[in-house]
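Engineer: one predicted model, sequence on top.
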Amino acid sequence: MANVEKVSVAMTPQQAELIRDAVQSGAYASGSEVVREALRDWSAKWQTRKSDIEHLRKLWAEGKASGEPTTVDFDEVLAEAREEAKTGRSYGR
């Protein structure tokens, strides 16, 4: 690795043991390799989470811009959905 930066990380004894076990098993050449893979996995998860948050913000803004709110009787909507599921009919369309 031509361009690396050393970083000190504090972890629990259990986490350190997991890293040692992974290296001792032969699955990884070093603890650094384990941590780099974990960071790649976390990075992908983090990007997805940021994308999901942005999508929810967009939907929230669209909802707010769509007009005045209307009152909904969720018990009635749920009862209609259950009836539709039982009979295969579509209500409200």
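Structural biologist: Looks like it came in fine. Residues are numbered from 1 along each chain as shown.

Engineer: show me where the chain has helices.
Structural biologist: Per DSSP state H, the chain carries helices over the ranges 13-24, 31-65, 74-87.

Engineer: in the lowest-mean-pLDDT helix or strand in the chain, what's buried?
Structural biologist: Scoring the helices and strands of the chain by mean pLDDT, DSSP states H and E places helix 74-87 at the bottom, with a mean of 92. Within helix 74-87, not a single residue qualifies as buried, counting by 16 or more other Cβ atoms under 10 Å. Just so you know, the C-beta spots here come from the backbone N, C-alpha and C atoms, and that holds for glycine as well.

Engineer: for Glu5, find the nearest of the helices of the chain.
Structural biologist: Nearest of the helices of the chain to Glu5, taken as Cβ to Cβ: helix 31-65 at 11.2 Å.

Engineer: turn the helices of the chain into TSV, columns for distance to Ala2.
Structural biologist: Shown next, in TSV, are these (distance: least, Cβ to Cβ, whole Å):
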stretch	distance to Ala2
helix 13-24	23
helix 31-65	14
helix 74-87	59
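
Engineer: can you flag the weakest of those by average pLDDT?
Structural biologist: Least confident of these, judged by mean pLDDT, is helix 74-87 with a mean of 92.

Engineer: wait, which of the helices of the chain is closest to Val4?
Structural biologist: helix 31-65 (8.4 Å).
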